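> got a predicted structure plus its sequence, pasted below:
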Amino acid sequence: MLYSEKVMDHFRNPRNVGEIENPDGVGEVGNAKCGDIMRITLKVEDGVIADAKFTTFGCGSAIATSSIATEMIMGKPVEEALELSNRAVVEALDGLPTHKIHCSVLAEEAVKAAVKDYYDKNNITYDPKIFCGLECGSCHHHGE
Amino acid sequence: MLYSEKVMDHFRNPRNVGEIENPDGVGEVGNAKCGDIMRITLKVEDGVIADAKFTTFGCGSAIATSSIATEMIMGKPVEEALELSNRAVVEALDGLPTHKIHCSVLAEEAVKAAVKDYYDKNNITYDPKIFCGLECGSCHHHGE
Amino acid sequence: MIYLDNAATTKTGQVAQQAMVACMEECWGNPSSLHTPGQRAAEVLERAREEIASAIGASAQEIYFTSGGSEADNQAIRSAAALGRRQGKTHLVSTAIEHHAVLHTLAALEKEGFTVTLVPVDESGIVKVADVEAALREDTALVSVMFANNEIGTLQPVEEIGRLCRERKIPFHTDAVQAVGHVPVDVEQQNIDLLSLSGHKFHGPRGVGALYVRRGLPLFPLIEGGAQERGKRAGTENTPAIVGMAAALKEACAHREENAARERKLRDQLIAGLEQIPHSALNGDRERRLPGNVNFCFEGIEGESLLLLLDDKGIAASSGSACTSGSLDPSHVLLAIGRPHEVAHGSLRLTLGEETTEEEITKTIQAVEEVVAYLRAMSPVWRQLQKGERAYVIQ
Amino acid sequence: MIYLDNAATTKTGQVAQQAMVACMEECWGNPSSLHTPGQRAAEVLERAREEIASAIGASAQEIYFTSGGSEADNQAIRSAAALGRRQGKTHLVSTAIEHHAVLHTLAALEKEGFTVTLVPVDESGIVKVADVEAALREDTALVSVMFANNEIGTLQPVEEIGRLCRERKIPFHTDAVQAVGHVPVDVEQQNIDLLSLSGHKFHGPRGVGALYVRRGLPLFPLIEGGAQERGKRAGTENTPAIVGMAAALKEACAHREENAARERKLRDQLIAGLEQIPHSALNGDRERRLPGNVNFCFEGIEGESLLLLLDDKGIAASSGSACTSGSLDPSHVLLAIGRPHEVAHGSLRLTLGEETTEEEITKTIQAVEEVVAYLRAMSPVWRQLQKGERAYVIQ
Ligand SMILES: Cc1ncc(COP(=O)(O)O)c(C=O)c1O
Ligand SMILES: Cc1ncc(COP(=O)(O)O)c(C=O)c1O
């Protein structure tokens, strides 16, 4: 198979699908032109991610990476969520095909964007460098 | 099959193999370098070919064309034998593969060379033009 | 399993398999060998050549066997380009919707100094004859227009384009890989000089194809070596596969009309069913398309996840063409017919075969409806469309 | 029928046939398709890649499937040449006894501006390592030396030549079409960077082969199009044939030593028998040759008539190589080992297989004796030799 069983499980039974009403943070990355958009909404309580939901327009691995990313950050302090790397997402899914690695990058970026939104909304100061690169989108990962 | 049944018959059961002792005419054409040599010996009685024999070093169609050529000239006046064309040989054999047509040319030339030899030995005058081309051998037919 | 990916490949039929096995058992000699087993193989090889030729209105000496459609395309184009170069002609004309075997060969030639004009197609996916005509130049060495498109199934005006080329003595190639065995193909009537076909698209074996080259048109080898195929294609002849391909094509042509009629009916049912899905659109012309081809775009979702979920429901489909599955770019064909990127990503190709049943079509419509609805429910794009935050591309 | 033309082609074995049929029945999807039938095919394809790789000491990612030995040779050489050209290196080194798939590709490259050095071989048909070394230049882009010759069966000093090339960082290609499955081949140990193999030489199917390319060495496509074979070889993968080839090679390697020992014994019996014929000579080295190869010249006769008469006696043999049968020129290999034209025309190749029996060898010796005597009796050349009007070339 193209995808590991773990990917297929998260694709077939995605966790945390949906949109949190009145979220504390929203991150949307990617663009429809490139074929993937991920949107993550967060509920933060006492600096901890109490709930995370996603919606995704994209391929099987885009759905699976969003799904597992929401699982991986759930219950964690927001600073820890920020440390979620695309590599950790790939590992948690037992690997991704090379040309699908960009989906894990997108998932990392969606989480970061949601946390940034939470920081911004709550006037929490941060080193802007940690969000560096977010605005570039991921189209350049597409080998265009 | 590469060869017609007629070719295979003359190849498998060649007619008139051998060398006439004290022949009235001998023709040898081709060369070993090119992979075919045909030698035809004639017995001429009253201007008619009373016997013809051949030996051939060469491929299946070289043997078959020599065989049928001796059959075709047998019992004919020498002038008629001179008219044996390679095309007639090819037709009599129900065709030859393109890259084997040169064998029929060789058979025609072998007959002509033998008749020329007969003419020369008997001081019979002839228009040298009819033997034009004989000396060139057949190597140039080999696509070299 | 409901197999609706016959454009990607067809199952090798019993007719072809039996011909192959018989050949491997009885006629397995090397056709270039002079001994009996070799000559027996040479005979079946030449008989197969005659059968393939007669299926497209050609004569046997005009058929060269290759390892498939891609090789045939590469050789046809490279050979015509080489011929053109000798005559000082370095302009090549083709269309925007060709298979990559054509497009990538053209791109390689562009790097080698050729100029390539890719004629656009209209929104129904058909190239205009006048556009091709306008593209022709004094130094045009080749026109290559596919017979039937592999993604959206559109049939191109090959005969008319062939006529244009004939009048101007420009070699005309058509990639007929998707057409042969499915729609009438006749090189004489359709003014074709070079034609590519591939065995596995009509229930023949994989890894074998043929290139038709009109008598008198020079052909240069792509693969050099032994004197096989009259010196134009080296390599020990793949007799079993060639014989299998000939048997399959004979069978396909014998039942072509009835198969096409059946498929066309089911195809139209499938199209009608899928059109019920809101914000969906058929890609390609409704009439001038392959009997078995259905191709849709669904707004707000992406194709791969669509086909993976259909696969879970026992339906084998494709999004774009099989051989571009490693790529992340949307189909160049859908872009060429004017679909914007975001919609081009959401395409689904369903290609029917002789075995497809009405029941399968009904089930497929149902399954696609469900899956599209499910994916839209988790798509942020769909939400935006519904909330009016984004404009629908497909009404 | 006594089949002694295994160098031309082998019968596709039961192991390979069954693997092919199973694949056509069970795993016939397009490996590039994402659905279950496609992915099932992709799996067997990758398993076959691993099997082929392990048979030659390579890793799976270093194997690219092709349509046979000729294509692999063409691609290896053209790719190395293209790489060389980018680096300003336009000198190619090979030997005088290569297969035409190599020689003709080199000739084509010569026309495109490359310089080719063909190193000669000694009278036993083996290239001297020192001669190859002497041919190397600063701008040498490739060395291509065949593993085993297809006509006279000689084994070349591949490992040593590979070492030379490795030291100088020159890519080294070997055409191992006749070697793989018959003698030990290990790309690591033998310092090989590019290697061609072909399925039908070891009881695998026709029309399929592989090119090994050492990791890190760039490879350019010969056939452009889809993204198959990691973008290096377009065309829907011929899974059934690939799987059949892998099965056959596994089988061949499993029994390689015992088969080789049997064949070597029979080969030496055959050589001993044929040497009894006056004015006959073995072509190629007595020891360093393929286990199944016997090649003789017989003075005073021509090869085609010899093999046609052997065929009449139920023995399938060849003269020169199968794929040059359309040519009238004597074998370039026999000329390269110093046989004069007239003797080179009188060659006979007998190539044994696993099925060859001692009884067949005895019969063959008898038959060759008879046929040679018969043809000599009708050969004017032989008469001249016997009468002393011409000098014997073979004593
Ligand atoms: C040494 C050698 N190289 C290359 C080839 C070509 O292989 P194929 O016929 O599979 O193209 C052959 C046999 O035909 C061969 O013996
Ligand atoms: C239109 C078209 N051309 C060429 C090809 C390539 O054929 P093959 O896979 O036999 O090389 C295909 C299918 O893959 C096709 O659909």
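Received it, and whenever you're ready, just let me know what you need. Everything quoted here is computed from the prediction, not taken from an experiment. Ligands and ions are numbered 1, 2, ... in the order given.
> state which helix of chain A is the longest.
helix A:101-121 (DSSP state H).
> now do it: which elements does it pack against?
With contacts taken as 3 or more CB pairs under 8 Å, 6 or more residues apart in numbering or on different chains; DSSP states H and E, helix A:101-121 sits against strand A:25-31, strand A:36-45, helix A:60-73, helix A:78-82, helix A:86-92. Where you see a C-beta, it was placed from the backbone N, CA and C, and this is true even at glycine.
> mean pLDDT and mean neighbour count for the ones you listed - can I get that in TSV?
Shown next, in TSV, are these (pLDDT from 0 to 100; neighbours: other CB atoms under 10 Å in any protein chain shown):
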stretch	mean pLDDT	mean neighbour count
strand A:25-31	94	21
strand A:36-45	96	24
helix A:60-73	96	27
helix A:78-82	95	18
helix A:86-92	96	18
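> quick one, what contacts residue C:108?
Residue C:108 makes contacts with residue D:224, as judged by CB atoms under 8 Å, 6 or more residues apart in numbering or on different chains.
> quick one on the thing from earlier: in the longest helix of chain A, what counts as buried?
Within helix A:101-121, the residues that count as buried by 16 or more other CB atoms under 10 Å in any protein chain shown are A:101-119.
> and if you look at stretch C:8-23?
So, applying 16+ other CB under 10 Å, buried residues of stretch C:8-23: C:8-13, C:15-17, C:19-21, C:23.
> quick one: residue C:73 is in a helix?
Yes. Counting by DSSP: H, G, I helix; E, B strand; the rest coil, residue C:73 is located in a helix.
> that one contacts residue C:102, correct?
Yes. Residue C:73 is within contact range of residue C:102, at 5.2 Å (criterion: CB atoms under 8 Å).
> contact residues of chain C facing ligand 2?
Counting by CB under 6 Å from any ligand atom, chain C comes close to ligand 2 at C:68-70, C:73, C:99, C:101, C:146, C:150, C:175, C:177-178, C:198, C:209, C:323.
> give the residues shared as contacts by residue C:73 and residue C:102.
In the contact map built from CB under 8 Å, 6+ apart, the residues linked to both residue C:73 and residue C:102 are C:175, D:225.
> of the two, who's got more company?
Taking other CB atoms under 10 Å in any protein chain shown, residue C:73 and residue C:102 do not tie; residue C:73 has more neighbours (36 against 29).
> quickly find the element holding the residue lying closest to that one once chain neighbours are set aside.
With CB to CB, 6 or more residues apart in numbering or on different chains as the criterion, residue C:73 has its nearest non-adjacent residue at 3.9 Å, and that residue is residue C:101. Counting by DSSP states H and E, the element that carries residue C:101 is helix C:100-111.
> now residue C:183
Secondary structure (DSSP H and E) places residue C:183 outside all helices and strands.
> residues near it, how many?
16.
> all the helices of chain C, in order from the start?
Ranges of helices in chain C, per DSSP H, are C:14-26, C:36-55, C:69-86, C:100-111, C:129-135, C:158-168, C:228-231, C:239-254, C:256-275, C:303-312, C:332-336, C:341-344, C:358-377, C:380-387.
> comparing the ones you listed by mean pLDDT, which bottoms out?
Lowest mean pLDDT of the helices of chain C: helix C:341-344, a mean of 90.
> give the other helices and strands that that helix contacts.
Packing partners of helix C:341-344 (3+ CB pairs under 8 Å, 6+ apart): helix C:332-336.
> contacting residues for the closest residue to chain A within chain C?
Nearest residue of chain C to chain A (CB to the nearest CB) works out as residue C:342 at 3.4 Å. The contact partners of residue C:342, by CB under 8 Å, 6+ apart, come to A:32, A:33, A:35, C:381, C:393.
> for the last one, which non-adjacent residue is closest in space?
So that's residue C:393. Nearest non-adjacent residue to residue C:393, counting by CB to CB, 6+ apart: residue C:343, 4.9 Å away.
> thought residue C:361 was touching residue C:265?
No. Using CB under 8 Å as the test, residue C:361 is too far from residue C:265 to be in contact (9.5 Å).
> who's more crowded, those two?
Taking neighbours as other CB under 10 Å, residue C:361 and residue C:265 compare with residue C:361 leading, 23 against 13.
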